[in-house]
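**Student:** sequence-free structure coming up:
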């Protein structure tokens, strides 16, 4: 059974940093999985999950324009964990962050990020 568990969310001030983690279990050869981060924020009128970043099996990364240059996605194959380093956070970055395994469309339960102004 594929499971994704996010952690690392919390409260941070504008301009601050957070690092999210996503531990993946139940997959064959973690290194061969394409993984992504998404976020939503229903209280700010963004109920739909928007794509944030993707890391391919070869380590290639892609980012949404809104986070490019501030966020960095990475993974540790030995730990079956994906990370999202978030720097220079803005109030618009607040929301629930989810990790996703592209194949099979598996999702974690999310971790909440709050950015105070």
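**Tutor:** Now that the structure is in, tell me what you want to look at. All figures in this text were calculated on a predicted structure; none of them were measured in a lab. Numbers count the residues shown, from 1 in each chain.
**Student:** so which residue is dead centre in the protein?
**Tutor:** residue 37 (3.3 Å; C-alpha atoms, centre = their mean).
**Student:** show me where the chain has its strands.
**Tutor:** Taking DSSP state E, the strands of the chain run over residues 3-7, 10-13, 18-25, 35-41, 46-55, 61-63, 71-76, 81-86, 95-101, 106-107, 111-116.
**Student:** and those as CSV, adding mean pLDDT?
**Tutor:** Shown next, in CSV, are these (pLDDT from 0 to 100):
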stretch, mean pLDDT
strand 3-7, 97
strand 10-13, 98
strand 18-25, 97
strand 35-41, 96
strand 46-55, 94
strand 61-63, 98
strand 71-76, 97
strand 81-86, 98
strand 95-101, 97
strand 106-107, 95
strand 111-116, 97
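**Student:** thinking again about what came up before, quick check: the residue nearest to the centre of the chain vs residue 28, distance?
**Tutor:** Counting by C-beta to C-beta, to the nearest Å, the gap from residue 37 to residue 28 is 22 Å. Bear in mind the C-beta positions are built from the backbone N, C-alpha and C, glycine included.
**Student:** repeat for residue 115
**Tutor:** Remark: distance between residue 115 and residue 28 (C-beta to C-beta) = 37 Å.
**Student:** same thing with residue 11?
**Tutor:** The gap separating residue 11 from residue 28 is 37 Å, by C-beta to C-beta.
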